[in-house]
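*Asks:* please work out how this folds:
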Amino acid sequence: MLPQLTATEARVIGCLMEKAVTTPDQYPLTLNALTNACNQKSAREPVMALKPAEVQRAARALRDRSQVHIEENFKNGVEKYKQRLCNTTYNDLQLSKGQYAVLTLLLLRGPQTPGELRARSGRLHTFEDNAAVLAAVADLMGDDAHALLVELPRTPGRKEAELMHQLCGPVDIAAHAEQAAANRGSGGSSQSRIAELEARVQELETENAALRQRLGDAD
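*Replies:* Presented below is the predicted three-dimensional model:
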């Protein structure tokens, strides 16, 4: 059975999963660092303005369900937090690096296409192409409430369907399909196209950086 997270708990878990990979020298995170990560203006959707007390309450609720571990320094009273949702002996969820990257991004930014996930995953994991994203998460996909990830109906104007996690409860795919239909011809298509172009720019920047690195290694 999937964990059922609140929006704040999902943000906390996503930040811990992200920082464990991107800033391992600063992990586990202090409450201040975790709060800052939760409230980042970039790479977060929606942008939140959580107070430290709210983050702490969410982290402690997750601890009570063995999804977060809190290290307590009794000398200075500082708490540090690390995730236990996956890839630990405390929970059954074991993910590959690619699966870990996708779930982290979905927790932090909500529904995304394989192209967006590939473009945004550079610091977590490198995917060769969009098909590699889908291949990595194939075992996690399904069409019922028990699946960790689901594919949403394609939004008009987008080439790919978005993926979403179900850790905050079952995704109402029918409602999403209705919303996608309502967006047809109402500006939703142009907004989707802009998002797709932004993802493509990020993808090209990632490819350019990788090419420059290979050329540098060859010198």
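*Asks:* state the distance from Thr126 to Val133.
*Replies:* 11 Å (CB to CB, to the nearest Å). For the C-beta atoms, the positions are set from N, CA and C on the backbone; glycine is no exception.
*Asks:* for those two, indicate the residue with more neighbours.
*Replies:* Comparing Thr126 with Val133 by other CB atoms under 10 Å, the one with more neighbours is Val133, at 25 against 14.
*Asks:* need the three-state assignment for the more buried one.
*Replies:* Put simply, Val133 is helix when judged by DSSP: H, G, I helix; E, B strand; the rest coil.
*Asks:* give me the nearest residue to it, chain neighbours excluded.
*Replies:* Once flanking residues are discounted, Val133 sits nearest to Pro114: 4.1 Å by CB to CB, 6 or more residues apart in numbering.
*Asks:* next: Met1.
*Replies:* Nearest residue to Met1 in three dimensions, chain neighbours excluded: His146, at 7.5 Å (CB to CB, 6+ apart).
*Asks:* can you tell me the helix or strand for the residue nearest in space to the middle of the chain?
*Replies:* The centre of the chain sits closest to Leu105, judged by CA atoms, centre = their mean, with a distance of 2.0 Å. Using DSSP states H and E, Leu105 sits within helix 97-109.
*Asks:* from the chain's centroid, how far away is that helix?
*Replies:* 4 Å (CA atoms, centre = their mean, to the nearest Å).
*Asks:* and it, what does it pack onto?
*Replies:* In this structure, helix 97-109 makes packing contacts with helix 7-22, helix 114-120, helix 130-137, strand 149-151, strand 163-165, judged by 3 or more CB pairs under 8 Å, 6 or more residues apart in numbering; DSSP states H and E.
*Asks:* and with 6 Å instead?
*Replies:* Helix 97-109 makes packing contacts with helix 7-22, helix 114-120, helix 130-137 when contacts are defined by 3 or more CB pairs under 6 Å, 6 or more residues apart in numbering; DSSP states H and E.
*Asks:* residues of that helix that come out buried?
*Replies:* 98-109 (16 or more other CB atoms under 10 Å).
*Asks:* tell me how far the residue nearest to the centre of the chain lies from Asn76.
*Replies:* According to CB to CB, Leu105 and Asn76 sit 34 Å apart.
*Asks:* for Gln94, same thing?
*Replies:* The spacing between Gln94 and Asn76, counted by CB to CB, is 35 Å.
*Asks:* so these two - more neighbours on which side?
*Replies:* Neighbours were counted for Gln94 and for Asn76 using other CB under 10 Å; Gln94 has more, 11 against 6.
*Asks:* skipping adjacent residues, who's closest to the more buried one in space?
*Replies:* Asn87 (5.9 Å).
*Asks:* same check on Leu149?
*Replies:* Nearest non-adjacent residue to Leu149, counting by CB to CB, 6+ apart: Leu140, 4.7 Å away.
*Asks:* isn't the one you found right up against Leu148?
*Replies:* Yes. Between Leu140 and Leu148 there is a contact at 4.4 Å, judged by CB atoms under 6 Å.
*Asks:* low-scoring stretches of the chain, by residue?
*Replies:* Along the chain, segments meeting pLDDT under 70 span 177, 179-214, 216-219.
*Asks:* domain boundaries for it, per the record?
*Replies:* 7-83, 97-218 (automatic domain parsing).
*Asks:* all set now, cheers.
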